[in-house]
Every structure is written in structure tokens, then in C-alpha cells.
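1. Sharing a sequence plus its predicted fold:
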Amino acid sequence: MATSNTAYYDAYKKSAQQINNNYDAQTKAAQQRKNDYLKTVEKNDTAWRQGQESIRGAYLQNMNQKQTKAMNTSNSQYNNTARQNYVNYMRAQRNLPEQLNALGIRGGAAESSLIRMGTNYGTNVANNEMARAQALDSIQQQYADAINEYEMQYRQALLSRDDAKANQIASYLDSWNKELSDISAGKNEALTNAYVTALQNDIERSDTIQSKKVEQYAAGLSAYTSVSTLQKMIKNIQKDKKWASNPLKYGKVQALRARIGEIRSNK
């Protein structure tokens with residue numbers, strides 16, 4: 001079936017241009033939405049991390065202040081103990097000679113008592129400093145353990161946040177890619193429909209033209225009254241093996257046969 005290729009192709013090109021513009025705009029808008037979404041995700045994530053870092057900084061500062069206070073308190077207690085040991089030692093050292101005289105202890109025995117007193121004082125000082133060191137180490141370890149535990153939880157929170165963010169983005173991109181796929185499929189379908197419509201319209205126009213030509217041809221056959229002449233005209237047309245698929249030739253053959261029928265019916 002013959003069609004006016006240029007006419008239908010021009011019509012299709014015009015429709016295709018509009019379709020391409022429309023779907024290109026949809027694709028561009030989808031791309032912009034994706035960019036805006038990812039920027040929002042990054043902005044929210046940055047704000048969250050800054051907030052967590054601020055909380056962490058405040059926690060560490062508070063823990064350092066508490067540790068310093070605890071160590072100062074412990075030091076003060078051991079300083080008081082050291083001071084009291086020294087006062088007791090000096091008082092005992094001052095009173096010992098009089099006590100020894102009252103007991104009749106003199107000479108080497110008195111000197112040994114003074115040495116023992118000094119030794120005991122030195123032991124008390126050493127024990128107090130050892131206890132101080134142990135107490136301070138215990139305080140430092142206690143706060144170090146607490147901070148380490150917090151840091152582990154903090155790092156785990158960051159990792160969980162990373163996983164949640166990655167899943168959020170992956171889920172969005174799956175949806176976004178489906179949207180793009182739907183846009184592309186819609187575009188292809190619209191282009192196909194536009195092509196089919198343009199072609200159908202052109203075929204209809206062509207069929208109308210062919211029908212008018214056949215009508216004009218049939219009207220001109222009224223001048224023919226010889227059946228044999230009309231039959232020869234049919235044979236000439238049918239020399240083209242594809243005459244039946246040609247609307248104009250097929251129509252002419254039908255018109256010739258109709259004219260032959262009219263002539264025979266009038267006899």
C-alpha cells in the first residue's frame with residue numbers, strides 16, 4: 001500500500017521532537033531531584049556528626065574534670081595523712097627523751113628507740129605514698145576504662161550511621177533508577193505510538209486519494225460499452241503480478257468488472 005513517506009515522516013519528526021523535549025525535561029527534573037536528595041542526606045549527616053562530636057567533646061571534658069577532681073581529692077587525703085604522720089613523728093621525737101628518762105632508759109637503748117621511731121616514720125611515709133600511687137592509678141584506670149567504653153560505643157554509632165546512610169541512599173537510588181527506567185519506557189512507547197499514528201494517518205490520506213482516483217476512473221468507464229475491451233483492460237492491469245496489493249490497480253479492476261456487470265445486465 002503506497003504512502004507519502006515524506007509527509008508521514010515529517011509529521012512523525014514533529015511529534016518526536018515534542019516527545020523528546022517532554023521526556024528530556026522529566027529526566028532532567030529527576031536528576032535534579034536526585035542531586036537535591038543526596039545533598040540533603042549529606043547535609044543532615046554532617047549536622048548529625050557535628051552534633052555527636054560536640055556531645056563527645058563535652059563528655060571527654062567532663063570526664064577529665066571529674067578525674068582531675070577525684071585525683072586532687074585523693075591527693076589531698078594522702079597529703080593530710082602524710083602531714084599527720086609527720087606531726088605525730090615530731091611530737092613523739094620531742095617527747096621521747098623525757099619518756100625514756102622517766103623510764104630510766106639511757107645510752108644505747110635510748111638511741112635505739114630513736115632509730116626505731118625514725119624507721120617507723122619512714123615506713124609510714126613509704127606506705128602512705130604507695131597507697132597514694134595505687135589510689136591515683138585506680139582513679140586513672142577507672143576513668144580510662146569509662147572513656148574507652150564510651151569511645152567504642154561512639155565508633156559503633158558512627159559505623160551504624162554509615163550503614164544506615166548507605167542503605168538509605170541505595171534504597172533511594174533503586175527507586176530513582178526505576179523512575180528513569182519508567183521515563184525511558186514511556187518515551188519509547190510515546191515515540192512508537194507517534195510513529196504508528198503518523199503512519200496510519202498517512203495511510204488513511206493515501207487511501208482517500210486512491211479511492212478518489214478509482215471513483216474518477218470508474219466514472220470514465222461509462223463511455224465503454226464493449227465487454228471485450230473492458231476485459232482486455234483488466235488483463236493489461238493483471239500483467240502486474242502484484243496488482244492485487246496495489247490499491248489503485250485493484251480498484252480499477254473492480255471498477256472494470258462492475259462496468260462489465262452493468263453492460264451485461266442492460267442487455
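-> Yep, it's here.
2. where in this structure is pLDDT low?
-> Filtered on pLDDT under 70, the chain yields the residue ranges 1-8, 96-97, 99-115, 267.
3. what residue lies at the spatial centre of it?
-> residue 169 (1.5 Å; C-alpha atoms, centre = their mean).
4. That one is in contact with residue 41, isn't it?
-> Yes - Residue 169 is within contact range of residue 41, at 6.3 Å (criterion: C-beta atoms under 8 Å). Yep, even glycine has a C-beta here, placed from its N, CA and C like the rest.
5. Could you tell me which residues touch both of those two?
-> When C-beta atoms under 8 Å, 6 or more residues apart in numbering defines a contact, no residue borders residue 169 and residue 41 alike.
6. So in this structure, which helix runs the longest?
-> Criterion DSSP state H: the longest helix present in the chain is helix 108-220.
7. From the contact counts, what lies against that helix?
-> With contacts defined as 3 or more C-beta pairs under 8 Å, 6 or more residues apart in numbering; DSSP states H and E, helix 108-220 has these neighbours: helix 5-103, helix 247-266.
8. now the angle from the last one to helix 108-220?
-> Going back to what we said before, that points to helix 247-266. On the basis of axes from the mean of the first three to the mean of the last three C-alpha atoms, to 10 degrees, helix 247-266 is oriented at 30 degrees to helix 108-220.
9. what separates the residue nearest to the centre of the chain from residue 33, distance-wise?
-> For residue 169, the distance to residue 33 (C-beta to C-beta, to the nearest Å) stands at 14 Å.
10. could you give the angle of the longest helix of the chain to helix 5-103?
-> 170 degrees.
11. elements contacting the helix or strand just after helix 108-220?
-> From helix 108-220 onward toward the C-terminus, using DSSP states H and E, the following helix or strand is helix 227-238. Packing partners of helix 227-238 (3+ C-beta pairs under 8 Å, 6+ apart): helix 247-266.
12. Which parts of the helix it packs on count as buried, going by neighbours?
-> For helix 247-266, a neighbour-count test (16 or more other C-beta atoms under 10 Å) marks 247, 248, 249, 250, 251, 252, 253, 255, 256, 259, 260 as buried.
13. how many neighbours does residue 124 have?
-> 17 (other C-beta atoms under 10 Å).
14. Wait, it touches residue 84, no?
-> No - the criterion here is C-beta under 8 Å, and residue 124 misses it with residue 84 at 9.6 Å.
15. still on that earlier bit, out of the helices and strands packed on helix 108-220, the one nearest residue 232 is which?
-> helix 247-266 (9.8 Å; C-beta to C-beta).
16. contact partners of the closest one?
-> 1-2, 206-207, 210-211, 213-214, 217-218, 221-222, 224-225, 227, 230-231, 233-234, 237-238, 240, 243-244.
17. Check the offset of that helix from the chain's centre.
-> Counting by C-alpha atoms, centre = their mean, to the nearest Å, helix 247-266 is centred 73 Å from the centre of its parent chain.
18. Only alpha carbons, please: show that helix as PDB.
-> Extracted in PDB, the C-alpha atoms of helix 247-266 (Å, rounded to 0.1, in the frame of the first residue of the first chain):
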ATOM      1  CA  PRO A 247      -5.000  -0.200  -4.100                       C
ATOM      2  CA  LEU A 248      -5.200   1.800  -7.300                       C
ATOM      3  CA  LYS A 249      -4.900  -1.200  -9.700                       C
ATOM      4  CA  TYR A 250      -7.100  -3.400  -7.500                       C
ATOM      5  CA  GLY A 251      -9.700  -0.600  -7.500                       C
ATOM      6  CA  LYS A 252      -9.500  -0.200 -11.300                       C
ATOM      7  CA  VAL A 253     -10.000  -4.000 -11.800                       C
ATOM      8  CA  GLN A 254     -13.100  -3.900  -9.500                       C
ATOM      9  CA  ALA A 255     -14.400  -0.900 -11.400                       C
ATOM     10  CA  LEU A 256     -13.900  -2.600 -14.800                       C
ATOM     11  CA  ARG A 257     -15.700  -5.700 -13.500                       C
ATOM     12  CA  ALA A 258     -18.500  -3.600 -12.200                       C
ATOM     13  CA  ARG A 259     -18.900  -1.900 -15.600                       C
ATOM     14  CA  ILE A 260     -18.900  -5.300 -17.300                       C
ATOM     15  CA  GLY A 261     -21.700  -6.300 -15.000                       C
ATOM     16  CA  GLU A 262     -23.700  -3.200 -15.800                       C
ATOM     17  CA  ILE A 263     -23.400  -3.800 -19.500                       C
ATOM     18  CA  ARG A 264     -24.500  -7.400 -19.300                       C
ATOM     19  CA  SER A 265     -27.400  -6.500 -17.100                       C
ATOM     20  CA  ASN A 266     -28.600  -3.900 -19.500                       C
END
